[in-house]
Every structure is written in C-alpha cells, then in structure tokens.
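# After the sequence you'll find the predicted model.
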2 protein chains.
Amino acid sequence: MSQVLPLDGCVGADPESQRIALVRDRVPDDGEAGALAALFRLLGDVRRTKILYALLEAGELCVCDISAAVQVPEASVSQTMRLLRASAVVDNRREGRRVYYRLADAHVRMLLDVCRAHTGHEVSR
Amino acid sequence: MSQVLPLDGCVGADPESQRIALVRDRVPDDGEAGALAALFRLLGDVRRTKILYALLEAGELCVCDISAAVQVPEASVSQTMRLLRASAVVDNRREGRRVYYRLADAHVRMLLDVCRAHTGHEVSR
DNA sequence: TCCTCATCTGCGTGGATCTTCAGATAACGT
DNA sequence: ACGTTATCTGAAGATCCACGCAGATGAGGA
C-alpha cells in the first residue's frame, strides 16, 4: 500500500485547508468510488455503447437481433450482455429459445441521453 | 476492416428483420460511438471518479487542493486533469501560480448525479 | 536576476481488459 | 428421443492504459 501523502505543498493550516478537509470527508471512499467507476467503465466501450444505444432505440432485442444491429458476432454479444446484466445495466427475459434484453431502468436511459447531449450528437425528437 | 457478417441466424426477411435494419441505421456509427464510449471510459476510473466528485462538492479546486482531498500525488493529479480537460469534462482557470479546475458543464454534473443515484449512494439534499 | 513553489510532460513497466475460438448447454420441432 | 438453432461459457493471446519517477516549464518574490 502507498504511504500517506505528506500533505505539504500549498496546503497550510488556514481556513482554506479546513475547507479541503471537509471536501476530503465528502469524497466517495474507495468502495463507493469503485462502484461508480465500474458503472462508467462498463459504458466506456465502443461495442457495449453501440449495443446500449440499440436497446435505447429498439426497447427490447434478442441476442441475434443485437448481433445483426451492431454487426458483432453473436458469441461476443452474449458475453457482453452477461457483463451488462451482472451490473444491472440491462434486464433479460426468456421467450422460448430467445433471450430478450432491455435497458434496466430510467437511470441508464438518462445516462445515455445526457452523454449523447454532451458529445453534441443529439437526436432530434 | 472486418468483413460484413453473414447476417444469418434467426434473422430472416420478415417484417421483424426490417425493424432490425431500421435499428441498425439508428445505432451510432463507429465515430460517434467512439466519442460516447471515450467520455464514459474517462469517468470509469476510481481516481478520476474521486476527483470529479470532489469538484462536484467543492465547485472549484487547484491541483494541490485536489491532491490533498483525494490523497493522490500532485503529479498524478496534474496528469489526470490534462485528460479530463482534453475531453472537455473540466474547465480550468489560472490565478497566479495556481490553476483552478471545475466541472465543465451541467451535463457532467448530471452524469455524476445520475450515476450516484443508480448505485444507490444517493446524497440527501 | 536568482531562487522557490506550483504545475506540467515523457517514458518505461506492470496489470487489467478485450477479443476470439472452440466447445458446452438449453429449448424447440418432428 | 434426435437434430437443429440460439445462447452461453472458459481459456489463451494481444492490446491498451494507468501509475510513478524524474526532469522541464512557468509564475512570483527578493
């Protein structure tokens, strides 16, 4: 493990440093920050991003449909969906030999919308 | 480049496959998906996540303040901020020998809020 | 001008992650 | 029960990226 930082530099004993101490206490700890980062990292892949936006458009798709929609081998899609489902980003529903996937909740849809808005490729609705 | 997939599997010529074709056209292309994924990936790191939430709390912090708040060497913070600034996730302002960073816009703040809400660590406001 | 402090940059290494292949499992129709 | 189709799983190889050090740059004060 890394030793505690000396806390030198421009930080002194002024009221300013007390403000920093307050911020330090409110910053997410390793556990929470890890969970938050894991969610973002899950969305941070071109293939997964395409799949998620396909689901955002279509509402519900099975593996072979996703494969056709984003031009990715079915085995890869399946593996990707496992990751997304493990982190509750998507839900699944079995119907016969097909497994249909959909975005898990409104939070995920909101993340996708806000991100697209930020990058400027906003969709005219 | 990768050859086009055979499009076999469960996809036929039914109206269903036409729906899939429509979805395929609306899925972000490699360029846009790359930009979207890059933004998410940028947020998908424990260190960066902590820094961003620190900025969300504090509003504006200089490199040495961030270093103290998240317990990370200043050089590492500096390097991290360069990445975040390159993708317009944060803005910076120079004042004397200090450089103050802040979250770039409301979109970023919204992403952080929604993500925190999804992981269940919601803040009481 | 010289010195100090805050910040920035380049490089090498280690670890984590994505991709693909090949086979296993599950469900349906006959 | 058998064969076919859709989906899932495990492992190996290649790739990418973060981390930390060590030195460079820029700004301010004496």
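Sure, I can see it.

# Neighbours of A:D91, how many?
Neighbourhood size, A:D91 [other CB atoms under 10 Å in any protein chain shown]: 15. In this view, the C-beta of every residue, glycine as well, is placed from N, C-alpha and C.

# Check A:S17 too.
15.

# State the distance from it to B:C64.
Taking CB to CB, to the nearest Å as the measure, A:S17 falls 10 Å from B:C64.

# Next: A:R19.
Relative to B:C64, A:R19 is positioned 13 Å away (CB to CB).

# Counting neighbours, go ahead and name the busier of those two.
For the pair A:R19 and B:C64, the greater number of neighbours falls to B:C64 (19 against 14), based on other CB under 10 Å.

# Was I right to think the more buried one contacts B:E74?
Yes - B:C64 lies in contact with B:E74 (CB atoms under 8 Å); the separation is 5.9 Å.

# sec struct for the closest residue to A:R24 other than its chain neighbours, please.
Using CB to CB, 6 or more residues apart in numbering or on different chains and skipping the chain neighbours, the partner closest in space to A:R24 is B:A69 (4.6 Å). Using DSSP: H, G, I helix; E, B strand; the rest coil, the structure places B:A69 in helix.

# B:A69: how many residues sit nearby?
27.

# so who does it touch?
Counting by CB atoms under 8 Å, 6 or more residues apart in numbering or on different chains, B:A69 touches A:I20, A:V23, A:R24, A:V27, B:A54, B:A58, B:L61.

# again, only this time at 10 Å
B:A69 is in contact with A:11, A:19-27, B:50-51, B:53-55, B:57-58, B:61, B:77, counting by CB atoms under 10 Å, 6 or more residues apart in numbering or on different chains.

# for A:C115, same thing?
A:C115 sits next to A:40, A:43, A:49, A:53, A:121, B:35-37, B:39-40, B:43, B:107-108, B:110-111, B:114 when contact means CB under 10 Å, 6+ apart.

# Strands along chain A, start to end?
Applying DSSP state E to chain A gives strands spanning A:61-62, A:90-95, A:98-103.

# right, so the ones you listed: which one is the most enclosed?
Mean neighbour count (mean count of other CB atoms under 10 Å in any protein chain shown) peaks for strand A:61-62 among those, with a mean of 24.

# Summarise which helices and strands it is packed against.
helix A:46-58, helix A:63-70, helix A:74-86, strand A:90-95, strand A:98-103, helix B:15-26 (3 or more CB pairs under 10 Å, 6 or more residues apart in numbering or on different chains; DSSP states H and E).

# Next, the buried residues of the helix or strand of chain A with the lowest mean pLDDT.
Least confident element among the helices and strands of chain A, by mean pLDDT, DSSP states H and E: helix A:15-26 (a mean of 86). If you call a residue buried by 16 or more other CB atoms under 10 Å in any protein chain shown, then helix A:15-26 has these buried ones: A:I20, A:V23, A:R24.
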